[in-house]
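Novice: Quick one: sequence and predicted model below, then my questions.
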Amino acid sequence: MEVERDKLREQIMRQAQGALSMSIAYIGIVNRLFAHLADADSVSPKWLAQKTGMNTDYVARWCDAAYAFEYLEQPVENIFGLTPLGHAFLDDQPGNLISFAVQSMLSAHMAERAAGLMRTGECPGEKILNEWETILPWFGPMLEHMFGPLLKNEIIDRVPAFSEVDAQGGTIIDLGCGNGWYLRAIIGSYPKLRGIGLDGIGENIDQAVKAAEREGLTNRLTFAVGDIYNFHVDEPANLIAMNRSLHHVWDQKKKIFTILRDHLCPGGSVVIWEPNWPLEYENLRIPDRRALAFQNLSEHVLGNHFLHADEIVAELKAVGLKPEVFSIAGGRDVVITGTRSK
C-alpha cells in the first residue's frame, strides 16, 4: 500500500510540475517576454524589463523560473536567451504552444470560480470572462491556435457548403466570430467568398480587423460588434456559421434557429461547429475526452452546457432545414450543416 501511495504521489507531482510550467509560460506570453527575448537573442533581466515596461525585480524572478523550467538558457551569468522550448511559445511560430498555456491559466481561474459558486448555485454568465484582463486579449488567439489546424485539416475541404457558396461568389456570416480566425481561414481558402463577422466583445472585433488588414483580406471581410438576436444584413446570406458558440445561446434555441433560417437565402446553409458531448457516458474516461468534462463544468459557470449532436439535428429539422452531420477530431467535435430548400 505504501509503495502504491508513493507512485500516486509521484504521478501527482509530475502533473503539478506541468501546471507550474504552464503558469510561467503564460506570464512570458502575455507580457511579451518571450517575443523580446527572441528579438534580442540574449539579454539581462534589466534590459528585458526596460523593453517590456515591466518591473525589474519581477522580470528577474520570472527569468529564474523560466530557466528552471527550461524555457531559458543562461550562456553567461545573468544573461538569458530562449531555448527551443521557449521558442515554441512565440505567436509567429507555426504549431506554437501558446494555447496550452492560456488554456491552463483560464482553467485554473474557472476552477477557482466553480469551487466558490458550487456553494451558491450561481451561474454568473459570459460577463465572467471580463474579470481576467490579461486573459481576454489572448482568448481569440488561444482558440485560433487550438482549432485552426482542425478547421484546415478536417473541415474546410470536407464540408461541401463552403465550396458551393464560393462557386456562387456568396456571403458567409460568422456569428460570434471572436478574433475572426475562422472567417479568415475560410476566406483564405475560397477566393470568391465574402465574409461578415459579428461578435459582442469589442476587443475581439479590434483583433479581427487588425488581423484581416495584416493578411490583406479587408476587401472581402467586414467585422463589427453585433448581437446574434438582432442583426441585419442587406440580403439573405448564403452561409451562416456558428463556430463553437451555439451552446452559449442554447437557452434561446427556438428563437436562434428561427433567426438562422430566416437569414438564409434559398439553398443556403447554416454550418454549426460544436464540442460533441458523448451519448455514452463512459466515453468521458477516454484520455482525449477528459478535458471535455472539465470544460463542461466551466461552461456551467457561464450558464451553458455542451450538446449532443442529436439535439442540434432536431432543432434544424424543426425549422425546416435539412441536416448533415460530420464527425471530426475522432468524435470529440461535430460539424452539422442545415440547408434551406431552394
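Specialist: Received the coordinates, thanks. Just so you know, these numbers come straight off a predicted model, no measurement behind them.

Novice: From now on I want contacts and neighbour counts done on CA atoms only, so please keep to that.
Specialist: OK.

Novice: Can you list the buried residues in the helix or strand of the chain with the lowest mean pLDDT?
Specialist: Sorting the helices and strands of the chain by mean pLDDT, DSSP states H and E puts helix 2-30 at the bottom, at a mean of 86. Neighbour counts using 16 or more other Cα atoms under 10 Å place 19-30 of helix 2-30 among the buried residues.

Novice: List of residues touching the helix or strand that that helix is followed by?
Specialist: Using DSSP states H and E, the helix or strand that follows helix 2-30 in sequence is helix 33-40. For helix 33-40, the external contacting residues (Cα atoms under 8 Å, 6 or more residues apart in numbering) are 27-29, 43, 48, 51-52, 80-82, 86-87, 89-90.

Novice: Could you single out the nearest of these to residue 206?
Specialist: Compare each of these with residue 206 using Cα to Cα and the shortest gap goes to residue 29, at 19.5 Å.

Novice: circling back: from the contacts of helix 33-40, which ones fall inside helices?
Specialist: Among the contacts of helix 33-40, the members falling in helices are 27-29, 48, 51-52, 86-87 (criterion: DSSP state H).

Novice: possible to save those residues as JSON lines with distance to residue 155?
Specialist: Output for the ones in helices among the contacts of helix 33-40, formatted as JSON lines (distance: Cα to Cα, whole Å):
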{"residue": "27", "distance to residue 155": "33"}
{"residue": "28", "distance to residue 155": "32"}
{"residue": "29", "distance to residue 155": "29"}
{"residue": "48", "distance to residue 155": "41"}
{"residue": "51", "distance to residue 155": "41"}
{"residue": "52", "distance to residue 155": "39"}
{"residue": "86", "distance to residue 155": "31"}
{"residue": "87", "distance to residue 155": "29"}
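
Novice: Just want the most central residue of this protein.
Specialist: The chain has residue 143 as the residue nearest its centroid, 1.9 Å off, counting by Cα atoms, centre = their mean.

Novice: Tell me if it really is in a strand.
Specialist: No. Secondary structure of residue 143 (DSSP: H, G, I helix; E, B strand; the rest coil): helix, not part of a strand.

Novice: isn't it right up against residue 99?
Specialist: Yes. Proximity of residue 143 to residue 99 meets the contact threshold set by Cα atoms under 8 Å, at 7.1 Å.

Novice: hang on, the earlier thing: for the least confident helix or strand of the chain, packing partners?
Specialist: Using 3 or more Cα pairs under 8 Å, 6 or more residues apart in numbering; DSSP states H and E, the elements in contact with helix 2-30 are helix 33-40, helix 56-68, helix 98-117.

Novice: List the buried residues in the longest one.
Specialist: In terms of neighbour count (16+ other Cα under 10 Å), helix 98-117 has its buried residues at 98-106, 109-111, 113-114.

Novice: Does residue 252 belong to a helix, a strand or coil?
Specialist: For residue 252, the secondary structure call by three-state DSSP comes out as helix.

Novice: That one and residue 122, how far apart?
Specialist: Using Cα to Cα, to the nearest Å, one obtains 19 Å as the distance from residue 252 to residue 122.

Novice: how distant is stretch 47-56 from the center of its chain?
Specialist: A distance of 29 Å separates the centroid of the chain from that of stretch 47-56, by Cα atoms, centre = their mean, to the nearest Å.

Novice: Buried residues of that stretch, list them for me.
Specialist: For stretch 47-56, a neighbour-count test (16+ other Cα under 10 Å) marks 47-49, 56 as buried.

Novice: my guess is residue 134 meets residue 28, correct?
Specialist: No. Look at residue 134 against residue 28 with Cα under 8 Å: they stay out of range, at 11.7 Å.

Novice: Could you work out the end-to-end span of stretch 39-59 for me?
Specialist: 17 Å.

Novice: Quick one: end-to-end length of stretch 250-269, please.
Specialist: End-to-end span of stretch 250-269 (Cα to Cα): 19 Å.

Novice: quick one: contacts of it?
Specialist: When contacts are defined by Cα under 8 Å, 6+ apart, stretch 250-269 is touched by residues 161, 165, 229, 236-240, 249, 270, 304, 315-316, 319, 321, 337-342.

Novice: can you tell me the average pLDDT over it?
Specialist: Model confidence over stretch 250-269 averages 94 on the pLDDT scale.

Novice: Stretch 131-150 too?
Specialist: Across stretch 131-150, the average pLDDT comes to 89.

Novice: what does whichever strand or helix holds residue 165 contact?
Specialist: Under the criterion DSSP H and E, the helix or strand holding residue 165 is helix 160-168. The list of residues contacting helix 160-168 from outside it, by Cα under 8 Å, 6+ apart, reads 156-157, 171, 186, 190-193, 238-239, 268-269, 271, 337.

Novice: After that helix, which helix or strand is next? Please name it.
Specialist: Elements were assigned by DSSP H and E; along the chain past helix 160-168, the next helix or strand is strand 171-175.
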